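Asks: need a structure here:
(one chain, ligands or ions: 1)
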Amino acid sequence: MTTKGTISALTDRLTRLLTHADRPSIIRLVRRPEKTTQRSSCVLTVSRDSRPTWAEISLQNLKANFRTLRGYVGPHVQVCAVVKADAYRHGLIECATALQEEGAEWFGVTSTQEGTMLRRAGIRGRILLFTGFWRGDEDEIIAQRLTPSVWESWHLESLQRATRGRRNSSLAVHLKIDTGMARLGVQLSDLPATASYLRTHSEILLEGIFTHLASAENVGAPEVDAQLARFQEAVNIVRRSGLAPQYLHAANSAAIVTRSDSWHNMVRPGISLYGYYLPFAGSHECRPPTVTPVLSWKTRVISLRRLTSGQPIGYNGTYTTKRESRIAVLPVGYADGLNRHLSSGGRVLIHGGYVPIVGRISMDLTMIDVSDVPGVAIGDEVILLGSSGPHSITASDHADVASTIPYEILCNISKRVPRHFTNDSTQ
Ligand SMILES: Cc1ncc(COP(=O)(O)O)c(C=O)c1O
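Replies: Next comes the predicted model:
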């Protein structure tokens, strides 16, 4: 509901709404001053999520993770906070704003659109576009003071054309080097020509050189050595051509932990900001700085039934009760991003203990076996991701069962799941 009017009329309306709501805790309010000279007037948007499935985003945990990582790399290394893909689906604007409050000066995104969204939301820091840009984005990049990564010759030519004739025309770019991932970036064989172009076109300032590591979580892996050696070679080629980029960067979350020689003077943590690492593998020991998951995912029991032994449950009856069972139904399914591989393989937390998911996860619904938990009732809270006392379920747990990575588990939590931003620290 969106309503306009004087503060006092809106307050009355709001009071009526709150007192009639059966779940006031999930009412969200957005108050904006109306574009009018009347200072006592505003627009109030009240929304109430009636379907009880939501994600809680702890901005405190996010800030604490940022502080931890910044402290770990020390004051001479800039931390570019990776907030691409809607901050790994934690909410781009809210997360970037919290990180800015915590002192973040650089933000990493995928696209010009994400960069523009950050600017419109009041992010003042530098915004690095990791995957280049698309033709036609050039004017927006300049207008929003975004920093594109570049490697294709057309990147340079079209930016050069777009900056020509403008005052303050020098546009900072970061050159992406393909050091072995064979995905994006200039190859070493083409680098002298690229460097020569940059040296002769002063409208474009080579501010940074960077690369991305394919498997930095494999401690001591020779592939990482090879990528870092190629990166150094690229830096040497660029410097020999007479350019002096200010920033050199290669480290994602895993490399921050495993390869301090990859830090140079900027690191780009993504998943660790949100409280995760990939599992580290390899012969050498590594001690990652402690980070805490930022996102919890919760729902409530909407239906309960007692079933006799031998009753197949859900689509295709893939699970059959082995005893008299109490089954609870949850309003969450794969359309919310709950991975279907957790069907009869994952678990949730209810009343402080673990219970199994039984039967196929369907688009909107999931069943759990609460036979061993006395007193479960409709409306009880269920934790899909998060913790309760000493127990927790993480995106890495889901990823293990679903044979994927925590990134995908987090990024798949769909838009249908409202994000509630809190300033509490959660475990
Ligand atoms: C160029 C670049 N840098 C940094 C990151 C952050 O990686 P991670 O989330 O593993 O820290 C990514 C993410 O894929 C990336 O593409």
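
Asks: get me the contact residues on this structure for the ligand.
Replies: 82, 108, 130, 212, 252, 253, 254, 268, 269, 270, 271, 272 (CB under 6 Å from any ligand atom). Where C-beta positions appear, they are placed from N, C-alpha and C, glycine not excepted.

Asks: what's near enough to touch the first one?
Replies: Read that as residue 82. 88, 107, 108, 130, 252, 268, 269, 270, 273 (CB atoms under 8 Å, 6 or more residues apart in numbering).

Asks: find the centremost residue of this structure, please.
Replies: residue 88 (1.7 Å; CA atoms, centre = their mean).

Asks: okay, domains of the chain per the record?
Replies: Per automatic domain parsing, the structural domains of the chain span 2-48, 59-282, 295-422.

Asks: turn these into JSON lines, including distance to residue 289 and mean pLDDT.
Replies: JSON lines is the format used below for the domains of the chain (distance: least, CB to CB, whole Å; pLDDT from 0 to 100):
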{"stretch": "domain 2-48", "distance to residue 289": "34", "mean pLDDT": "51"}
{"stretch": "domain 59-282", "distance to residue 289": "5", "mean pLDDT": "97"}
{"stretch": "domain 295-422", "distance to residue 289": "17", "mean pLDDT": "98"}
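
Asks: just the terminal-to-terminal distance for stretch 274-293.
Replies: 6 Å (CA to CA, to the nearest Å).

Asks: how about stretch 74-88?
Replies: So stretch 74-88: terminal residues 25 Å apart, CA to CA.

Asks: any chance of the residues of the chain next to the ligand in TSV, with secondary structure too?
Replies: Below are these laid out as TSV (DSSP: H, G, I helix; E, B strand; the rest coil):
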residue	secondary structure
82	strand
108	strand
130	coil
212	coil
252	coil
253	helix
254	helix
268	coil
269	coil
270	coil
271	coil
272	coil
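
Asks: the strands in the stretch 251-400 of the chain, which residues?
Replies: 266-267, 281-282, 295-300, 303-307, 312-313, 319-320, 325-330, 347-350, 353-358, 366-369, 381-388, 391-393 (DSSP state E, counting those that start in this stretch).

Asks: out of these, deepest packed?
Replies: Stretch with highest mean neighbour count among the strands of the stretch 251-400 of the chain: strand 366-369 (a mean of 25; mean count of other CB atoms under 10 Å).

Asks: which residues touch that one?
Replies: 313-314, 325-330, 332-333, 338, 348, 350, 355-359, 382.

Asks: all helices for the stretch 1-150 of the chain, in order.
Replies: 7-20, 59-73, 84-89, 92-101, 112-120, 138-143 (DSSP state H, counting those that start in this stretch).

Asks: figure out which of those helices is closest to residue 182.
Replies: helix 84-89 (20.7 Å; CB to CB).

Asks: what sits against whichever residue of the chain sits closest to the ligand?
Replies: Of the chain, the residue with the smallest distance to the ligand, taken as CB to the nearest ligand atom, is residue 270 at 2.5 Å. Taking CB under 8 Å, 6+ apart, we find residue 270 in contact with 82, 84, 88, 108, 252, 253.

Asks: assumed residue 172 was part of a strand.
Replies: Yes: Residue 172: assigned to a strand according to three-state DSSP.

Asks: partners of it in the sheet?
Replies: residue 205 (DSSP bridges).

Asks: wait, it sits on residue 205?
Replies: Yes: counting by CB atoms under 8 Å, residue 205 is a contact partner of residue 172 at 4.8 Å.

Asks: tell me which of the contacts of residue 82 is nearest to residue 305?
Replies: residue 88 (36.4 Å).

Asks: and the closest one, what is it in contact with?
Replies: Applying CB under 8 Å, 6+ apart, the residues contacting residue 88 are 82, 270, 271, 274, 407, 410, 411.

Asks: count of neighbours near the third one?
Replies: Using other CB atoms under 10 Å, residue 271 has 20 other residues around it.

Asks: chain neighbours aside, what residue packs nearest to it?
Replies: Spatial nearest neighbour of residue 271, chain neighbours left out: residue 253 (5.0 Å); criterion: CB to CB, 6 or more residues apart in numbering.

Asks: what of the first one?
Replies: Excluding its sequence neighbours, the residue lying closest to residue 82 (CB to CB, 6+ apart) is residue 270, at 3.4 Å.

Asks: so what does the one you found look like in phi/psi?
Replies: Phi and psi for residue 270, reported as degrees, to the nearest 10, are phi -120, psi -80.
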